[in-house]
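Peer 1: Sequence and predicted structure, then a few things I'm wondering about:
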Amino acid sequence: MGAALLPKLPPSFPEQVRPLSAVTQISWFSSTICIGIPQLDAALGGIPRGALTEICGPPSSGRSTLLDSVLAKASAEGEFCALVDACDAFDPDSAAAAGVVLDQLLWVRCGRNVEHALKAADLVLHAGGFGVVALDLCEVAPRDVRRIPLSCWYRFRRVVEGTSTAFLVLEQETYARQCASLSLEMSRGKEIWSGTPACSQLLRGFEVRWAPRKPTRSVTGYFDARLVG
């Protein structure tokens, strides 16, 4: 009688079952937005929507490359994006060369005023309708960012929860801590040169190494960041 209660499986069922090792991409989150960098998309499954993601690292560690890739992928698919630029560091020409559709991007310049940047990010998140919202604090001194109260990060997390917006915060160190669903640490690796060592060489880019700090996973990797031009 127990066998009669089991559903009948199609004859092709064994062929439809794939071992876990055959799955090339596993997302850590239920809803994500594509990063546009194959190595990261394969390892992480994308940037989570409805959550705060931290991208941290020292200068020239590939943070802008990653941001441009996310914005390019999202804007090319018709999503509106917003960048709150605390120190006016965004380069539209480099972003356009990376594939960002500038007509789909709202660029908020804050003139090195951290308080204005936080208020602008809050207003943009509350307005809604953006697939990606990024808060760039990379050029802000760490001592100034550390003064941001933890309640501010909790507020950001509550605002973005349950929405289809991916909220990225770019910085030198991790500040949101438990308020972030994904924390990615970036670092610069070896340089990439063209030409032969015995002759003249041209710097083409550098290797970017990445490692997730939250959620903690035993996975790391790297990708190449090519210079524009």
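Peer 2: Great, that's in hand. A quick note: this is a predicted structure, and the numbers were derived from the prediction, not measured. Numbers count the residues shown, from 1 in each chain.
Peer 1: How about residue 152: what's its closest non-neighbour residue?
Peer 2: residue 118 (6.2 Å; Cβ to Cβ, 6 or more residues apart in numbering). Heads up, the C-betas are built off the backbone N, CA and C, glycines and all.
Peer 1: pLDDT score for that neighbour?
Peer 2: On pLDDT, residue 118 comes in at 98.
Peer 1: give me phi/psi at it?
Peer 2: phi -70, psi -40 (degrees, to the nearest 10).
Peer 1: need the contact list for it.
Peer 2: By Cβ atoms under 8 Å, 6 or more residues apart in numbering, residue 118 lies in contact with 135, 148, 152.
Peer 1: In a markdown table, list those along with distance to residue 69 and secondary structure.
Peer 2: Putting the contacts of residue 118 into a markdown table (distance: Cβ to Cβ, whole Å; DSSP: H, G, I helix; E, B strand; the rest coil) gives the following:
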| residue | distance to residue 69 | secondary structure |
| --- | --- | --- |
| 135 | 17 | strand |
| 148 | 26 | coil |
| 152 | 27 | helix |
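Peer 1: I'd like those laid out as JSON lines, including distance to residue 185.
Peer 2: Shown next, in JSON lines, are those (distance: Cβ to Cβ, whole Å):
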{"residue": "135", "distance to residue 185": "17"}
{"residue": "148", "distance to residue 185": "19"}
{"residue": "152", "distance to residue 185": "22"}
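Peer 1: all helices of this structure, in order?
Peer 2: 2-5, 13-16, 38-44, 63-76, 92-97, 114-127, 142-145, 150-160 (DSSP state H).
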